[in-house]
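Participant: show me the folded form of this:
(chains A and B)
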Amino acid sequence: MSSSQSHRLPSGGLIDRSAPLNFRFDGKTFSGFQGDTLASALIANGVKLVGRSFKYHRPRGILTAGSEEPNALVELRTGARREPNTKATTAELYEGLEAASQNRWPSLRHDVMSVNQLFAPIFVAGFYYKTFMWPAKFWEAIYEPAIRRAAGLGRAAGVADPDHYDKAWAHCDVLIGGSGPAGLAAALAAGRSGARVILCEEDFSLGGRLLADGGTIDGLPAAEWLSRTLAELAALPDVRIMTRMTLFGVYDGGTYGALERVNDHLPSPPEHQVRQRLWRIVARRCVVAAGAIERPIVFVGNDTPGVMMASAMRTYVARYAATPAKRIALFTNNEDGWRTVETALGSGLQIAAVIDARPDVSPAHRSLASKGGFPVLHGSVSGVDGGKDGVRKIAVSLTGGARAEVEADGLAVSGGWNPAVGLTSYHRGRPKWSDDIAAFVPDGAPPGMVAAGAANGAFGLGACLAEGFTAGSAAAHDAGHSGKAGTAPVADDEAFSLTPLWHVAGKGKAFVDYQHDVTASDIELAQREGFESVEHLKRYTTLGMATDQGKTSNVAGLAIMAAVSGRSIPETGTTIYRPPYVPVAIGAFAGHHRDETFHATRLTPSHHWAAEQGAVFVDTGLWKRAQWYPRTGEKDWLESVTREVKAVRGGVGFCDVSTLGKIDVHGPDAGAFLDRVYINTFSNLAVGKARYGLMLREDGIVYDDGTTSRLAEDHYFLTTTTAKAGLVMQHLEFCRQVLFPELDVQLTSVSDQWAQFSIAGPKTRDLLREIVDPAEDLSNEGFPFMGAREVALRGGIKARLFRISFSGEMAFEISVPARFGDAMARNLMLAGKPFGVTPYGTEALGVMRVEKGHVAGPELSGTTTAADLGLGKMMSTKKDFIGRVMAGREALVAPDRQVVVGVKPTDKARRLRSGAHIIPKGQTPGPGNDQGYVTSVCFSPTSDQWIGLGLVERGRERTGEIVQAHDPLRGEDYEVELCNPVFYDPDGVRQRG
Amino acid sequence: MAEFSWSPRSPLDHALVTGAHGVRDIEAGISLTEIRNFDLIQVMARRGKAAELANAAKGRFGVAAPNAPKAVQSQDATLIWSGPDQFFVLSKGGKHTMGTLAPALSGPASLSDQSHARALISISGAKARTMLAKLSSIDVHPAEFPVGAAAATSMDHTSVTLWRGGDRPDGQAVFNLLVFATFAESLWHTMLDAAAEYGVEIAHSEWLA
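Facilitator: Next up is the predicted model:
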């Protein structure tokens, strides 16, 4: 063992002394035990200095024993797993743990930046805003980076987190947050009633304050009652107890957020396990038994290492058998603080003095003092003499004005308790002030939620048990469970007498918010400067804005604000409470959804065949599509794409177009339905024929396009673009269910049912004759352009064949049930071998559609009308259709609209870029003469130059005009000629051939 | 003339590796079995013909088709609710096809073949519910999701149909999942990730149980 655990009591505590653990802090090796936190293990080793403060780099020690800790933040773990700002007070010790202090250089004991303390008078609230205002551009470049280096928290790992996180749902009747006496009593009542219960506990041990404070319940010592209760809960069929789980938020409909630290207590998660899991819990009722947080008193030097919350001090002694100090002074304004004295004396520690701010101390405590041989001083702590090695002496202002000094190496402070009102306030609730305990308590809660025990301001053990039991029983009943809850556990209530004391005035720094280095004088300054609203106070001073969200500081800050502004604390009010209750790693929110699994992906039926061919895939929406199929020796994508285009135009190629949305439109009114959703007519389409259709939105703008075929009298097969597949299905369902419920029409998405391939090129028919049953007539007469029908294939299956062309070539689309898609790709290769068949990807597809002047996504941009696309004549005048009326609006039929036109550079060698703006020749580019832009470009192997489509003002009237393409993004200006958008086979001879 | 073979390929053919996955030193908590050979027909009542369809379905299958999110087992088919006045007919491959169902149902209903549009995965094992909790917001507690319960829901932002089939001979619950074919491989990997920590036994079967 590498160190002596000099501050470990010889016996006692809830640590497993048979399981020693070695760990390192700032490079030094220490040892602790299973059951320790990093904080308790450091205390057991006599470590007092654990960090430097945010702004002044003041030495800081451990203040609390829980998740409210503002000071003891460390970088836990190393390398890619390094986690900054981890609270030592909640980090469980494990073998080999490595932690480093933060915000110091070169070392914790000798921190160069502590010179900031010398300048402390100028680092007041608003200092940065006031000082670094000019010149403005220096802020981002110089001031902020420098300040961030000097003042800051831990360092992020800087590399990808190697661990996994996931998310899960849970459902219950009664959700209970906290396993202290109130939470356990609630769980007993709800569980016995037959409710499904989830009990969440942030700690790794169940019991809450019982673990440190003990007590007597049902005549049993707390520890025994606890183990009996846990055994009973474990035996109930539907009670789920989850430790290391923090309930951090409440959302609509009784949904709660919780973070489970599944494997934070291990060096790294076991294989296949996650580090943390984010839970969404749907609960009919929720009992918040989250306890209360002890609050500091603000006095000069209250941040000296060795000054600790009284409850934390006794937690370390009683639960961890670790002694933060050998000779302890207590500064309290309430009865509860004295429990630390009782615990310390019981563990053989010395009490130096009790400084009690109240006028009276109970006779029992007086006799305890005389028995223990320590003085009880009526007054306040006015200063602390000490530094990075801890507390040495404590200055006391006695009631009446005299001064005293107390020699001690630790100071326990209790300023009273604040109920944890976060969860109950997250739906914009504002807690109310309770004079009895001088604290805010919940004033209502989100629907279905109730607070119980200390979280509700009931501090006595008996009251916690009673409130918890009542709340649990009522919650189970509300959720429909009326089984017998039995009797509530019973205990006495301790006295809780408190005289409010927030701030002991004095010369020197007295900290309110330890983590953000906000002092009492900062709050006074903010008030003087007019930041009187608490929301302004918070933002100006940054009070409560650190990672601890002011759990120990907010109420004291409000109280000081109230005092200086002459208002009461409830008049001053609280800031808005927002989740999460504790910091939650973004990784936990992301869960599985990162990197390659950021979102679900869709694969085409021929995906794995294409992968075998070496296809390069492109993400289009959720799809992975084959973009091109590089061949050995090709130097870049353009060479591959150009080869594919030439192969199609000169022979035959095929492309998987299964990504197109496909919808079965059934029913006697299918034709009438399509007439209403398309601008052109489909009811008169003959069975066995396909037609190109265009849909508008209600506002008259083009929505989507595609071909629709009539397969039977009452059955159309509609296709959409890849991008709009899901949206068009939704739109059509809306039309069917809401707009036209009188029509007898049924819709089914069949996008995934069919593998569909486009086969294009002059040798298409030759290829098809190889694979299609010889009895099928594929001649121009037997299967004319825009024909659509089922055909038999060689080898025994049937396919649907559509004579449609996107490429401008003689082309068919063939579709087979999707599980035959892989075989179809292989068989097309086989059938096309004699004709040099070439698979092509989406790039070649795009090139050929631009050559042919077909519009696609960049032109169907949500701003274009049918006329803009050159398709105005398709708009039927003989029927009504969605978008018809609005498409007639003045601006949508204005003659100067930007319409689709072809563009080609006057310099044939120049590359075109989409996005370039069109400006009249000779004019200076600017918004006033911006006449449109280039939407789609490609290198056209057929034209042997770059060509494009654009949306240009009066474009169709300006064919032949030379205009200026202005591309400020790439810094290019060049001339292009406006031309017919159909660059290839404008008469359509080839596709009909 | 080339010889063409048309062997169907499951959308999970590439991703599914039979055997153990994930943690191996414990008894597998999850069984994932893909069922490959099935027919799945979407049946949607035509306007005003829901009652007629119900009668026709009763006559055809001997059981009433579900009119709420449920899955009903007949002798040779599972009828799964898929929306108001519509349901799926799931059967062994070749049992209830478009060809055999159309004459019986196409009067009161529109039929659409979905046999190739979905992958069918059966999930069971001691940790099945725990694993499903990672994927689905549906409460699969035995009291809330009994045998025959069904849901049209989503997993990993992917639309799925989930229903509880008959229990395994060892009494463990079986959850069946239909997922769109083009999403199947993606969801499969997500499922494996979710299940790996419990140990997974992976299989595929040609035939619906």
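Participant: and the top helix by length along chain B, what does it pack onto?
Facilitator: Ranked by residue count under DSSP state H, the longest helix found in chain B is helix B:181-195. Contact here means 3 or more C-beta pairs under 8 Å, 6 or more residues apart in numbering or on different chains; DSSP states H and E; on that basis helix B:181-195 packs against strand A:602-603, strand B:30-45, strand B:118-124, helix B:128-135, strand B:158-164. (C-beta placed from N, C-alpha, C; glycine too.)
Participant: tell me the strands beside the longest one, with direction?
Facilitator: The pairing partners recorded for strand B:30-45 under DSSP bridges are strand B:86-92 (antiparallel), strand B:109-113 (antiparallel), strand B:118-124 (antiparallel), strand B:200-207 (parallel).
Participant: pull the number of nearby residues for residue A:6.
Facilitator: 11 (other C-beta atoms under 10 Å in any protein chain shown).
Participant: where's it relative to chain B, distance?
Facilitator: Distance check for residue A:6 against chain B: by C-beta to the nearest C-beta, to the nearest Å, it reads 41 Å.
Participant: relative to residue A:840, how far out is that residue?
Facilitator: According to C-beta to C-beta, to the nearest Å, residue A:6 and residue A:840 sit 76 Å apart.
Participant: run through the bridge partners of the residue nearest to residue B:68 when sequence neighbours are not counted.
Facilitator: Once flanking residues are discounted, residue B:68 sits nearest to residue B:81: 6.3 Å by C-beta to C-beta, 6 or more residues apart in numbering or on different chains. Counting by DSSP bridges, residue B:81 is bridged to residue B:87.
Participant: so residue B:81 touches residue B:64, yeah?
Facilitator: No. Under the criterion of C-beta atoms under 8 Å, residue B:81 makes no contact with residue B:64, lying 11.4 Å away.
Participant: which one's more surrounded, those two?
Facilitator: Neighbour count, other C-beta under 10 Å: between residue B:81 and residue B:64, residue B:81 has more, with 22 against 13.
Participant: show me the contacts for the more buried one.
Facilitator: B:65-71, B:87, B:150, B:152 (C-beta atoms under 8 Å, 6 or more residues apart in numbering or on different chains).
Participant: what about 7 Å?
Facilitator: By C-beta atoms under 7 Å, 6 or more residues apart in numbering or on different chains, residue B:81 lies in contact with B:66, B:68-70, B:87, B:150.
Participant: roughly how far apart are the residue nearest to residue B:68 and chain A?
Facilitator: Taking C-beta to the nearest C-beta, one finds residue B:81 at 15 Å from chain A.
Participant: do you know the pLDDT at that residue?
Facilitator: pLDDT for residue B:81: 97.
Participant: so how far is residue A:738 from it?
Facilitator: Distance of residue B:81 to residue A:738, given as C-beta to C-beta: 22 Å.
Participant: same check, this time on residue A:985
Facilitator: With the distance defined as C-beta to C-beta, residue A:985 ends up 43 Å from residue A:738.
Participant: could you check which of the two is surrounded by more residues?
Facilitator: Taking neighbours as other C-beta under 10 Å, residue A:985 and residue A:738 compare with residue A:985 leading, 19 against 8.
Participant: does that one really touch residue A:808, like I thought?
Facilitator: Yes. Residue A:985 lies in contact with residue A:808 (C-beta atoms under 7 Å); the separation is 5.3 Å.
Participant: how about stretch A:911-920: buried residues?
Facilitator: Within stretch A:911-920, the residues scored as buried using 16 or more other C-beta atoms under 10 Å in any protein chain shown are A:912-913, A:916-919.
Participant: repeat for stretch A:250-258
Facilitator: A:250, A:254, A:256-258.
Participant: so how far is the first residue of it from its last?
Facilitator: Distance between the two ends of stretch A:250-258: 9 Å, counting by C-alpha to C-alpha, to the nearest Å.
Participant: going along the chain, name the helices of the stretch 701-850 of chain A.
Facilitator: In the stretch 701-850 of chain A, helices defined by DSSP state H, counting those that start in this stretch lie at A:725-734, A:764-771, A:821-832, A:842-852, listed in chain order.
Participant: nearest to chain B, out of the ones you listed?
Facilitator: With C-beta to the nearest C-beta, the closest approach to chain B among the helices of the stretch 701-850 of chain A belongs to helix A:821-832: 4.2 Å.
Participant: what residues does the stretch 101-250 of chain A have near chain B?
Facilitator: A:166-171 (C-beta under 7 Å from any C-beta of the partner chain).
Participant: tell me how chain B divides into domains.
Facilitator: Annotated domains of chain B cover B:19-36+B:116-207, B:38-113 [automatic domain parsing].
Participant: how far does the shortest one sit from the chain's center?
Facilitator: If you compare the mean C-alpha spot of domain B:38-113 with that of the full chain, they lie 15 Å apart, counting by C-alpha atoms, centre = their mean, to the nearest Å.
Participant: so which of the domains of chain B is nearest residue A:565?
Facilitator: domain B:19-36+B:116-207 (47.8 Å; C-beta to C-beta).
Participant: okay, now the unreliable bits of the chain?
Facilitator: Defaulting to chain A. Within chain A, the segments meeting pLDDT under 70 span A:1-3, A:118-124, A:126-152.
Participant: my bad, the chain I had in mind was chain B
Facilitator: B:1-2, B:209.
Participant: can you list the residues of the stretch 251-400 of chain A near chain B?
Facilitator: Counting by C-beta under 7 Å from any C-beta, the stretch 251-400 of chain A comes close to chain B at A:272-273.
Participant: the residue of the stretch 251-400 of chain A found nearest chain B: which element?
Facilitator: Among all residues of the stretch 251-400 of chain A, residue A:272 sits closest to chain B, at 4.0 Å; criterion: C-beta to the nearest C-beta. In the assignment (DSSP states H and E), residue A:272 maps to no helix and no strand.
Participant: ok, it - contacts?
Facilitator: Going by C-beta under 7 Å, 6+ apart, the list of residues near residue A:272 reads B:22-23, B:196-197.
Participant: now for those residues, which sits with the most neighbours around it?
Facilitator: Going by other C-beta under 10 Å, residue B:197 tops those with 25 neighbours.
Participant: for the closest residue to it other than its chain neighbours, give me phi and psi.
Facilitator: Using C-beta to C-beta, 6+ apart and skipping the chain neighbours, the partner closest in space to residue B:197 is residue A:272 (4.4 Å). Phi and psi for residue A:272, reported as degrees, to the nearest 10, are phi 70, psi 10.
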